[in-house]
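Visitor: below is the structure, and that's it, no one-letter string:
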C-alpha cells in the first residue's frame, strides 16, 4: 500500500479545507494518507508526527516516512523550512515542483521555437527611461510585478496625445508624463516589474476575456486536461481574474456564442496547445533539475486573428472555481502520487533518455557575420537585440571587428550561446578571408559597398566589392546571405557561385524585405513593412534613413530564424552604439548631433540628411577629414560641398587636412562665404562656435575617431549643458 504525506506550512489540517478531500480520495484509491508540517519531521528515526483522518476527525500519529510527498503549502511560507524540505526531497519523491516566476517561465519557454511565438515580448523595467522607450513603440502596455498573483498590482497603460490613461483593477486615472514617471519609479522601488504590450482579447460585446487551461498528470503519469474554461471580466474592467470579479462560463457554449462555426477548431487548438505546452515544460524541468512536474494552469488570450498568446503559467493553479471539478483535481493528484511512488526507476530512465536525445539533437547555431562599408555595428546591435528576445546571444563588442578581435571572440563563445553575431571589418584584401577561417559564418549580411578604404584598392569600388565578397566565398555555401537591393555598388558582389539563399532589403527598390512610408519621428524613424503576410508599423530609436536599412538587415535574418513580428518590434528598441547620431538636447533649445566614430562620403551625406530633417531653426555642419579615399578624395570632397549647398545648411565648418576642398567648392557653387569656415586648430574652431551659436541652433559634428572630433562634442556639452 502506497503511503502519501501531504506537506503544508499550516500545522492544523482543519484550517486547510482541501485536506479532507485528499484524505477521502486517498482512502478510496487504497493509499495511506497523512498531513504534516515541516516542524514535525524527525530525521533521526525517519518518522513524522502527522495527522491521520479517522472517524470524522484528524488524529495525531507517529508515521514512518511516506513513499511520496504531495507538496501543498505556500512556497513563500515553506521557504523558512527549506533545509528540512531539501533533506526530504533527497530521500522521498515530491509530486509538485516550482517552475519559477513569470520571468523564469518566460525564459524556459524560449528554449523551444515551437512555443516562443506564443510569448508576449517581456522586458524587465529598471528605470522610468526604459519604460517610456517601450511606450513609444507599444502605445498600450501591461506593467506588473514579476511575482504578482491573482491580478494584483497590474497597470494597464494607454498612451494618449496629451498624457497617459492608467487603469487598475479598481479604477482609472489620467497621468501626465511627469506624474507617470513618478508612479513608475515608486513601483520599481517596491520590487521587480515587467512590461508587455497589451494583447486585445475581447468578446463581441466588448468584455475582456481569457482562458484558463488546467492540466494534470494522471495515474499513468500522462498529461490530461482537467478543464478549459473562459474567464470574462466585469463590464468596464480589463482583468478577467476571478479574484477581481471575473466570472466563468462553460467552454463549448462560450465558443459557439463567440466564434460560431470556428468553435470546434478553436476548442481543439486550445486542447492541443495545453497538452503540448505541459509536456514541453515538463521536459525542461527534467533537463534542468532532474525533476518532473504534475500540474499547471496556463492563462492565454486569443487576439482578433485567433492567435494564442500566453499571459501566465502557474505551477500551483488551485481548483477551478466552478463546475464541481474539485474531486477530479484531487483524484488526478492522488493517482499520480501513487504512480510517482511506484515508478521512480522508470522516471529516472525517462530523464536519462531525454538528455541523450537533447544532446543528439543540438542544432547548428546561427553564426552571423556582418560586413560592409557602413552600418555594420548598428545592424549587429539591432540583430543581437532581437535575437536576445528568445536566445542567449554572443554579440561582439561595438567596433571590435579586426581579425585579432575575431580570435578573441572564438575563445569567448560558449556552448550555452544559441546565436553568434559578429562584425567583420577590413581595410585590405584577404582580411575577411582570414575572419572566415577563424569563425565560419552560416549567415552573412553585406550592408553596402561604399568608398570607405577605397584608397587601399587603387581607388576602384570594384576592388572594395571584391574584398567584401570574401565573406560570401568564406561562409557556409548553403547558408543565408542578405544584401542591399538599393545599393548600386552591391551589384559587384560575387554571388554567382553561392548555393545558399539570397535575400534583399530595400526602400526604393522592390526587395524581399522592403520598408515604406519611412519618416522621421521623435528621436528615431518610423516605417512600415509587410512581414509574415501582414503590414506592421515599426519604430527605431535612431535617426536617419540609412539606419532603416540596418534595421531591415536585422529584420530579414530574425524573420528567417522564426522570430515573430512582436519579437522584432520589441527587439528594435535596442541599445544604440555610442556616438552614432547621438542627440544631445542642450540649454536654450540647442541640439547637438554626435556622429564621431567613422567618416566616409556616404555616412557624411546621411548625417547631413539628419541635420536637415530635425533642425528647428539654423543648421551648423562641422565636417572632419575623411581618410583612405585615395585618388577619389578631391572629387568626393567637391560632391560633398555641393550636397551641403543643396541641403541649405546655414553654416559650414570644415576641420582637418585638405577638408577646405569641401568648403571652397561649396563657396564656388554659391554657399555664402561669410558663413563658411575652415580650421586645423580645434581651439580656434571652438572659439568660433562660442561666437556664432545661438538659441534653437542644431549642430552636427561629423568625423572619424582618428580625428578626435568627439572633443568638439565635449566642448559643446560643457558649454551648453
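Guide: Thanks, I have it. Just so we're clear, the structure is a prediction, and the values are computed from it rather than from any experiment. Numbers count the residues shown, from 1 in each chain.

Visitor: switch to C-alpha atoms for all contacts and neighbour counts from now on
Guide: Noted.

Visitor: helix, strand or coil: sort out residue 482 for me.
Guide: Taking DSSP: H, G, I helix; E, B strand; the rest coil as the rule, one finds residue 482 in the strand state.

Visitor: actually residue 219, sorry about that
Guide: At residue 219, secondary structure determined by three-state DSSP is coil.

Visitor: tell me who's in contact with it.
Guide: Taking Cα atoms under 8 Å, 6 or more residues apart in numbering as the criterion, residue 219 is in contact with 332, 334, 335, 336, 337, 338, 339.

Visitor: now those as JSON lines including pLDDT and neighbour count?
Guide: Formatted as JSON lines, the entries for the contacts of residue 219 read as follows, by pLDDT from 0 to 100; neighbours: other Cα atoms under 10 Å:
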{"residue": "332", "pLDDT": "95", "neighbour count": "24"}
{"residue": "334", "pLDDT": "96", "neighbour count": "24"}
{"residue": "335", "pLDDT": "97", "neighbour count": "19"}
{"residue": "336", "pLDDT": "97", "neighbour count": "22"}
{"residue": "337", "pLDDT": "97", "neighbour count": "30"}
{"residue": "338", "pLDDT": "97", "neighbour count": "27"}
{"residue": "339", "pLDDT": "97", "neighbour count": "19"}
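
Visitor: identify, from those residues, the entry nearest to residue 373.
Guide: Here the nearest of the contacts of residue 219 to residue 373, counting by Cα to Cα, is residue 336; it sits at 62.1 Å.

Visitor: in which helix or strand would I find that closest one?
Guide: Residue 336 belongs to helix 326-342 when elements are defined using DSSP states H and E.

Visitor: following element in sequence after that helix, please.
Guide: Per DSSP H and E, the helix or strand that comes after helix 326-342 is helix 344-360.

Visitor: by contact count, what packs against that next one?
Guide: Contacts of helix 344-360 with other secondary structure elements, assessed using 3 or more Cα pairs under 8 Å, 6 or more residues apart in numbering; DSSP states H and E, are made with helix 263-289.

Visitor: check which helices and strands the helix it packs on sits against.
Guide: Using 3+ Cα pairs under 8 Å, 6+ apart, helix 263-289 sits against helix 102-109, strand 209-217, strand 223-232, helix 251-259, helix 344-360.

Visitor: can I get the contacts of residue 219 in TSV including distance to residue 215?
Guide: Supplementary listing: these in TSV, determined by distance: Cα to Cα, whole Å:
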residue	distance to residue 215
332	10
334	15
335	14
336	13
337	15
338	18
339	17
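
Visitor: tally of neighbours for the residue lying closest to residue 596 once chain neighbours are set aside?
Guide: Computed as Cα to Cα, 6 or more residues apart in numbering, the closest residue to residue 596 that is not its neighbour in sequence is residue 703, at 4.7 Å. Neighbours of residue 703 under the rule other Cα atoms under 10 Å: 28.

Visitor: surely residue 703 and residue 709 touch.
Guide: Yes. The pair residue 703 and residue 709 passes the contact test of Cα atoms under 8 Å, sitting 5.6 Å apart.

Visitor: how does the protein divide into domains?
Guide: 3-91, 121-197, 202-360, 367-571, 582-720 (automatic domain parsing).

Visitor: quick one, which of those gets closest to residue 115.
Guide: Comparison of the domains of the chain against residue 115 by Cα to Cα identifies domain 202-360 as nearest, at 7.5 Å.

Visitor: and that closest one, how far from the chain's centre?
Guide: For domain 202-360, the distance from its own C-alpha centre to the chain's C-alpha centre is 25 Å (Cα atoms, centre = their mean, to the nearest Å).

Visitor: what does stretch 556-575 give?
Guide: In terms of Cα atoms, centre = their mean, the gap separating the centre of stretch 556-575 from the centre of its chain is 8 Å.

Visitor: quick one: buried residues of that stretch?
Guide: In terms of neighbour count (16 or more other Cα atoms under 10 Å), stretch 556-575 has its buried residues at 556-559, 563-574.

Visitor: low-confidence stretches in the protein?
Guide: Scanning the chain for pLDDT under 70 picks out 102-103, 110-114, 148-151, 169-170, 240-246, 320-324, 360-363.

Visitor: got phi/psi on the residue nearest the centre of it?
Guide: Centre of the chain computed as the mean C-alpha position; nearest residue by Cα atoms, centre = their mean is residue 389, 2.8 Å away. Backbone torsions for residue 389, taken as degrees, to the nearest 10, come to phi -70, psi -20.

Visitor: my read: it touches residue 572, true?
Guide: No. Because the distance of 10.5 Å does not satisfy Cα under 8 Å, residue 389 is recorded as not touching residue 572.

Visitor: mind checking the end-to-end distance for stretch 411-418?
Guide: Between the start and the finish of stretch 411-418 there is a gap of 16 Å, counting by Cα to Cα, to the nearest Å.

Visitor: how close does the residue nearest to the centre of the chain get to residue 681?
Guide: From residue 389 over to residue 681 the distance is 47 Å, taken as Cα to Cα.

Visitor: next one: residue 569
Guide: As judged by Cα to Cα, residue 569 and residue 681 stand 45 Å apart.

Visitor: for the stretch 301-450 of the chain, what spans make up the helices?
Guide: Secondary structure of the stretch 301-450 of the chain by DSSP state H, counting those that start in this stretch: the helices cover 326-342, 344-360, 376-387, 403-412, 431-438.

Visitor: now the fourth one: buried residues?
Guide: Spelled out, it's helix 403-412. Here helix 403-412 shows 403, 405, 406, 409 as buried, counting by 16+ other Cα under 10 Å.

Visitor: now those residues in JSON lines, with distance to residue 369?
Guide: Listed next are the buried residues of helix 403-412 as JSON lines, based on distance: Cα to Cα, whole Å:
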{"residue": "403", "distance to residue 369": "12"}
{"residue": "405", "distance to residue 369": "13"}
{"residue": "406", "distance to residue 369": "11"}
{"residue": "409", "distance to residue 369": "12"}
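
Visitor: hang on, residue 165 in a strand?
Guide: Yes. When classified by three-state DSSP, residue 165 is found to be part of a strand.

Visitor: isn't it right up against residue 177?
Guide: No. Using Cα under 8 Å as the test, residue 165 is too far from residue 177 to be in contact (10.5 Å).

Visitor: who has more neighbours out of the two?
Guide: Taking neighbours as other Cα under 10 Å, residue 165 and residue 177 compare with residue 165 leading, 18 against 14.

Visitor: contacting residues for that one?
Guide: Neighbour list for residue 165: 157, 158, 159, 172, 173, 174, 175 [criterion: Cα under 8 Å, 6+ apart].

Visitor: and if you look at residue 719?
Guide: Going by Cα under 8 Å, 6+ apart, residue 719 touches no other residue.
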